[in-house]
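> just to be clear, the model below is a prediction. Sequence and coordinates:
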Amino acid sequence: MTAFGPAPRPQRNWDWRAACNFMAGGAGSGLVAWSAFDGTRPLGMALGALAVAGGLLAVWAEIGRPWRAMNVLLHARRSWMTREALVAPLLLAAALAAASGLRGAAWWAAAAALGFVYCQARILAAARGIPAWREPRIVPLVLLTALAEGGGAWMLIEAYRCVAPWWAWLALAALLAARLWAWSSWRSRVRTALPALAVVDGAGRRLQAAGALALAAWLLVLTSPLADEGARLLQAAAGALVLASGLWFKFTLVTRAAWTQGFALPHLPVRGAARRQGG
Amino acid sequence: MTRWAMVADLRRCVGCQTCTAACKHANATPPGVQWRRVLDIEVGEYPDVQRAFVPTGCQHCDEPPCLDVCPTTATRKRADGVVTIDYDLCIGCAYCAVACPYQARSKTERATFAYGRASEPESLRHDESRLAVATKCTFCVERIDAGTAAGLTPGVHPEATPACVNACIAQALAFGDLDDPASNVSRLLAGNRHFRMHEELGTGPGFFYLWDRADAEDTA
């Protein structure tokens, strides 16, 4: 019965459907937040809302009793999952309103998006059975990863129209740097969760490599006499890399790096053996 | 006040799994689901090897992580420390299962039976409300409640005591009121060195493990 053995084992309760909520919810929220800076173009808001809704739909497909799903709203006082479910309709309504041209709704959507992804981060942090999740530094890591993914998605969308302005590149670079700090900080605190690290390190390396390549793309756009199409192609590639690496990291974090606590006896039973002095 | 708790004497447990079988019989859990299970832990390398059998399950914590995360309030803690699940409220999100550091919770998506098709006893005891929701050890709370209502003492009278404790062939398991200094569990804890699983997490488990005599502290 290795499933009940004392060693940590991968959790089997949340699969790719739960991961989709963190992936699509995080990237979608990030995209909504980015799009608030550019209220004249509603595509980002609409796609962000769609991604968040898709993530929620995926997790709805995972729960055992989907027709009781509204019960999720009953524990706002303590459960971050309830809070996430309460923020979600606000986020969707505000994002769709902004997408329909109501510019004042964009900032409400951005605030709700930040709230939504914060709830997601706290959902993981509250899962005390999973050492890699319960480390408090997962909160900034998940937040910054979501914002960076949103930035990547925004760059990708913008590339169809124009080269992103300097402030957008600068904001993305700052987010990537902050995400690197959050990753290193979280990674140093979960080093005792060895089985989880073996799988999450690979995703982490891809995350940082994609960040570095995105920054290199920015430098190329800045310094090379590229034609508009070339610069937009580089921008799209950089955005796609940041988005894809973030999504893969989140998928790995939820499905493959989530090892249980296991069991550990601080003392073995003393029975039928001679006592050792000072032993 | 009353605080129900369980004590497992690791020196006495022989790993016979009678408690596991008794729990399955009492609670009709499906194949693969064990609310009371016994870990078989081997430590060391030949020839210096030790083995311990560790009964485990829901620890009915003082600060249950499963209670905080539950989005539906299906998981609750009674005043006497017993952590319960309302199967009619639970949506089966399994958040409690990933929040529990003791791997105590299970979710069964569909009805399963020992030999494929349901036998007559399995049909009689099948409970649709326990499908696709979280389930776990209840400390046989129905027995506690019925027993105390009849004036019996859980941990003393078998009718009011969890099935696993009644079944233990080695008297390794004991159940009682932690807040009563004269209870069996209080006396066992006073007379023995003990620990709780993952104490560092601050969950305050209501499940204690005895591993040595209290008067052996100087020499152990």
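Yes, it's here.

> for chain A, just list every one of the helices.
A:16-35, A:43-60, A:80-99, A:105-125, A:131-134, A:138-159, A:166-189, A:194-223, A:228-251 (DSSP state H).

> those: which one's closest to chain B?
Closest to chain B of the helices of chain A is helix A:80-99 (C-beta to the nearest C-beta; 4.0 Å). Where C-beta positions appear, they are placed from N, C-alpha and C, glycine not excepted.

> in the chain, which helix or strand is least confident?
I went with chain A, as the question did not name one. helix A:194-223 (a mean of 85; mean pLDDT, DSSP states H and E).

> oops, wrong one, chain B.
Min over SSEs of chain B, mean pLDDT, DSSP H and E: strand B:37-45 (a mean of 88).

> can you name the next helix or strand after that one?
Once the chain leaves strand B:37-45, the next helix or strand it forms, by DSSP states H and E, is strand B:48-56.

> mind listing what that following strand pairs with, with the direction of each?
strand B:37-45 (antiparallel) (DSSP bridges).

> excluding its backbone neighbours, what's nearest the residue of chain B found nearest chain A?
Using C-beta to the nearest C-beta, the closest approach of chain B to chain A is made by B:G92 at 2.1 Å. Computed as C-beta to C-beta, 6 or more residues apart in numbering or on different chains, the closest residue to B:G92 that is not its neighbour in sequence is A:G64, at 2.1 Å.

> is it correct that that neighbour is in contact with B:S106?
No: the pair A:G64 / B:S106 is not scored as a contact, 11.3 Å apart, by C-beta atoms under 8 Å.

> so what's in contact with those two at the same time?
The contact sets of A:G64 and B:S106 do not overlap (C-beta atoms under 8 Å, 6 or more residues apart in numbering or on different chains).

> just the angle between the least confident helix or strand of chain A and helix A:166-189, please?
Angle, helix A:194-223 to helix A:166-189, by axes from the mean of the first three to the mean of the last three C-alpha atoms, to 10 degrees: 160 degrees.

> is any part of helix A:194-223 close to chain B?
No: no part of helix A:194-223 sits near chain B under the criterion C-beta under 8 Å from any C-beta of the partner chain; the closest distance found is 13.1 Å.

> any idea how far that helix is from the chain center?
With C-alpha atoms, centre = their mean, to the nearest Å as the basis, helix A:194-223 stands 15 Å off its chain's centre.

> burial count for A:A198?
Applying other C-beta atoms under 10 Å in any protein chain shown, we find 12 residues neighbouring A:A198.

> and the least confident helix or strand of chain B, what's buried?
Neighbour-count burial for strand B:37-45 flags B:37-39, B:41 (criterion: 16 or more other C-beta atoms under 10 Å in any protein chain shown).

> surely A:D38 meets A:G44?
Yes: here A:D38 reaches A:G44: they are 7.1 Å apart, a contact under C-beta under 8 Å.

> those two - which one has more neighbours?
A:G44 (27 against 18).

> quick one: contacts for the nearest residue to B:A22 once chain neighbours are set aside?
By the measure of C-beta to C-beta, 6+ apart, the closest residue to B:A22 outside its immediate chain neighbours is B:A167, 3.3 Å from it. Going by C-beta under 8 Å, 6+ apart, B:A167 touches B:18-19, B:21-22.

> swap in B:A5?
Counted by C-beta under 8 Å, 6+ apart, B:A5 has contacts B:60, B:81, B:175-178, B:185, B:206-208.

> picking that back up, reformat the buried residues of strand B:37-45 as TSV; add distance to A:E135.
Output for the buried residues of strand B:37-45, formatted as TSV (distance: C-beta to C-beta, whole Å):
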residue	distance to A:E135
B:R37	28
B:V38	31
B:L39	25
B:I41	26
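
> residue in the stretch 51-200 of chain A nearest to chain B?
For the stretch 51-200 of chain A, C-beta to the nearest C-beta, closest residue to chain B: A:G64, 2.1 Å.

> ok, that residue - contacts?
Taking C-beta under 8 Å, 6+ apart as the contact definition, A:G64 lies against B:90-94, B:107, B:109, B:131-133.

> out of the residues you listed, who's nearest A:C20?
Lowest distance from A:C20 to those (C-beta to C-beta) belongs to B:C93, with 14.2 Å.
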